[in-house]
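Novice: Next one to model:
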Amino acid sequence: MELFDNQIRELYEILQMDNPKRCVKKSCGSIQTNRTIQKKEKLILKSDMAFELGGGFHQAVTDMITTTSRELVDDSEVVLIGSDLKDISEDTDYARFVLVRFRDEYIQSLNETDFYRQLRTLSYLRYKMYIDGFMTRISSTKEREPIRVSKYAREQEMSLFEVGKLFADKYLECEGVEAVKVIFITGEQPFYPKLKEIADKCEDITDSIDHILSGMIMDCSTCNLKEVCDEVEELRDIHKKMSGR
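Specialist: As a prediction, this is how the structure comes out:
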């Protein structure tokens, strides 16, 4: 499955993932935390808030991207570019990318409809990440999920590495998932617009699969997603397969 591999490569290039001065990486196995994902979300009122990540007019980009490539996602780890929570004292820009590697044999066993359902299931999983002191604020804008951090969480020195491990562990519970890389970006960075473009393109690819499976328009010349399919060979393969049924 290489549907999103080019977007992951572009993400790595933009973030300079091989630069140790820019990226702090920790394997999930090395991260110790007593925090857990709660069954219900605890609201953080403005009076209890220390700051927001990506709130208000600040940049906020989030996405979940899948692959089967060990080269792109070799192991489960958390990556931080920018400041950790204990070093943030006011609202700031924020991005989070969760990269999920599936076992190739598992993906090959799915038909197109089941594959699409699995993508959406994993995508919606982020709405069930109820971490005490770290509240997701749902935005009407796609790929935008500001985070409200409580004063108590900051006093307890909650770390994004802990949060990332909780995210990774949750995704690893899903069938067929072998490894998860969680990337956090905080503070002023020049590349947020580029990150938004990557997230938008991934959503366009997923929407194209839905479009093809629904059979709404099989004439490529009249489809508003033609440009996306022209760029991604696997989308064209799915389209041809569905058209031949």
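Novice: Can you name the helix or strand that the spatially most central residue of the chain falls in?
Specialist: Per Cα atoms, centre = their mean, the C-alpha nearest to the average position across the chain is that of M64, at 2.6 Å. According to DSSP states H and E, M64 maps onto strand 60-67.
Novice: what helices or strands is that strand leaning on?
Specialist: Applying 3 or more Cβ pairs under 8 Å, 6 or more residues apart in numbering; DSSP states H and E, one finds that strand 60-67 makes contact with helix 5-15, strand 94-102, helix 112-124, helix 192-214. For every residue, glycine as well, the C-beta is placed using N, CA and C.
Novice: From C174, how far off is the nearest residue to D63 once chain neighbours are set aside?
Specialist: Spatially, and ignoring its direct neighbours in sequence, D63 is nearest to A199 (4.0 Å; Cβ to Cβ, 6 or more residues apart in numbering). According to Cβ to Cβ, to the nearest Å, A199 and C174 sit 21 Å apart.
Novice: Which one's more surrounded, the two?
Specialist: Legend: neighbour count by other Cβ atoms under 10 Å for A199 and C174, higher for A199 (22 against 14).
Novice: pLDDT score for the more buried one?
Specialist: Predicted confidence (pLDDT) for A199: 94.
Novice: That one against V61, yeah?
Specialist: Yes: with contact defined as Cβ atoms under 8 Å, A199 counts as touching V61 (5.6 Å).
Novice: confidence score at E231?
Specialist: pLDDT recorded at E231 is 61.
Novice: start the count at 17, not 1, going forward
Specialist: In the new numbering, first residue 17, that becomes E247.
Novice: related to what we said a few turns ago, can you name the residues in contact with the strand holding M80?
Specialist: In this structure, residues lying in contact with strand 76-83 by Cβ atoms under 8 Å, 6 or more residues apart in numbering are 17-21, 23-24, 27, 69-70, 89, 109-118, 135, 138-139, 141-142, 155, 159-162, 208, 211-212, 214-215, 218-219.
Novice: Would you list the buried entries among those?
Specialist: 17, 19-21, 23-24, 27, 69-70, 89, 109-118, 135, 138-139, 141-142, 159-162, 208, 211-212, 214-215, 218 (16 or more other Cβ atoms under 10 Å).
Novice: my read: L188 touches S92, true?
Specialist: Yes: L188 is within contact range of S92, at 6.7 Å (criterion: Cβ under 8 Å).
Novice: Of those two, which one has the most company?
Specialist: Each of L188 and S92 has its neighbours counted (other Cβ under 10 Å); S92 has more, 23 against 14.
Novice: Against L115, how distant is the more buried one?
Specialist: For S92, the distance to L115 (Cβ to Cβ) stands at 10 Å.
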